[in-house]
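Visitor: Return atomic coordinates for the entry below.
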Amino acid sequence: QKEHDPQRPDRKGTYTTGLVGDYNDHPLTLFITSLNHAGENLTEVLAQRDESLPPVMQACDALSNNQVDDALSTIVCHCLVHGRRKFIDLESYYPDQAKRVLDTVSAVYAHEAKCQEANVSPQARLKYHQKHSGPLMANLKAWMEQQIAERKAEPNSPLGKSYHYWLKHWETLTRFLTHEGVPLDTNRVERALKLAIRVRNNSLFYKTLNGGHVGSVLMSVIYTALHNGINPIDYLTDLQIHAECVKQSPKQWLPWCYQETLNIINNPQEDLAA
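Guide: From the prediction side, this is the model:
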């Protein structure tokens with residue numbers, strides 16, 4: 001949309017941020033449409049969080065727009081798929097070098113698949129990756145450093161820049177080797193953002209910032225309901241019918257517990273008997 005803030009002339013349009021996470025093992029998605037970049041939107045969300053809680057894990061790509069305010073600490077985890085994509089683009093020009101990187105990433109994902117099939121705990125997954133994926137990634141890093149040291153890649157060439165990207169962000173690209181529960185990639189949020197893209201294409205953008213805000217609220221509710229196995233039409237209908245109750249205690253009307261709240265309202269005697 002074309003609405004803009006005169007005090008922020010650098011922003012010529014709106015951005016939609018997707019925040020995907022879990023709340024008590026329930027998937028939760030927030031869409032935010034505003035003039036802010038993703039890092040600025042996340043900063044506003046984290047500012048409302050209980051400071052006593054441990055830092056959140058922020059899985060994202062390495063764009064500076066994703067950085068949060070310095071006063072708020074997050075455990076940044078960069079996406080392996082974004083790093084892999086750099087060598088996918090170079091595969092036809094540097095087949096041997098690209099194959100080395102792509103084979104290593106594929107092996108890491110093979111280990112991840114075994115962890116998922118076995119449904120291991122986050123602690124066991126971390127130890128498994130440390131044992132099996134750790135040596136693979138260490139060898140890849142040493143090889144990249146050797147490629148640069150021996151000048152086998154021009155520093156300003158696409159290949160040299162790809163090496164530098166990996167080495168510069170090595171710590172955040174390999175968080176899955178140091179912290180429990182770190183995802184290998186941001187595919188989960190990338191899938192969620194497809195909803196925002198469909199809305200944008202079908203509605204031909206928003207006319208006002210308020211329209212963008214309303215659209216994001218509805219997208220957040222619908223997407224979260226769907227991924228909790230709840231029919232969003234039924235859910236939105238019940239929220240409107242019981243709007244006053246929702247305002248008084250919104251936590252009881254989250255998608256994964258609203259049906260229990262409805263049962264209590266519709267069968268008060270059973271609740272008392274229990």
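
Visitor: can we go C-alpha only for contacts and neighbour counts from here?
Guide: Fine.

Visitor: would V105 count as being in a strand?
Guide: No. Assessed with DSSP: H, G, I helix; E, B strand; the rest coil, V105 is helix; it does not lie in a strand.

Visitor: I'd like the distance between it and K99.
Guide: Separation of V105 from K99 (C-alpha to C-alpha, to the nearest Å): 10 Å.

Visitor: who has more neighbours, these two?
Guide: The neighbour comparison of V105 against K99 (other C-alpha atoms under 10 Å) goes to V105, with 21 against 15.

Visitor: K99: which element?
Guide: Using DSSP states H and E, the element containing K99 is helix 95-118.

Visitor: Mind giving me the packing neighbours of the following helix or strand past that helix?
Guide: Using DSSP H and E, the helix or strand that follows helix 95-118 in sequence is helix 122-149. Counting contacts by 3 or more C-alpha pairs under 8 Å, 6 or more residues apart in numbering; DSSP states H and E, the secondary-structure elements packed against helix 122-149 are helix 95-118, helix 158-168.

Visitor: In terms of secondary structure, what does the shortest one contact?
Guide: The reference is to helix 158-168. So helix 158-168, by 3+ C-alpha pairs under 8 Å, 6+ apart, packs with helix 80-88, helix 122-149.

Visitor: sorry, back to before: comparing the helices and strands packed on helix 122-149, which comes out most buried?
Guide: helix 158-168 (a mean of 17; mean count of other C-alpha atoms under 10 Å).

Visitor: list the buried ones in stretch 215-223?
Guide: Neighbour-count burial for stretch 215-223 flags 215-216, 219-223 (criterion: 16 or more other C-alpha atoms under 10 Å).

Visitor: So what touches that stretch?
Guide: For stretch 215-223, the surrounding residues in contact (C-alpha atoms under 8 Å, 6 or more residues apart in numbering) are 29-33, 192, 195-196, 232.

Visitor: what's the farthest-apart pair in the residues you listed?
Guide: Greatest spatial distance among these (C-alpha to C-alpha): T33 and P232, at 20.6 Å.
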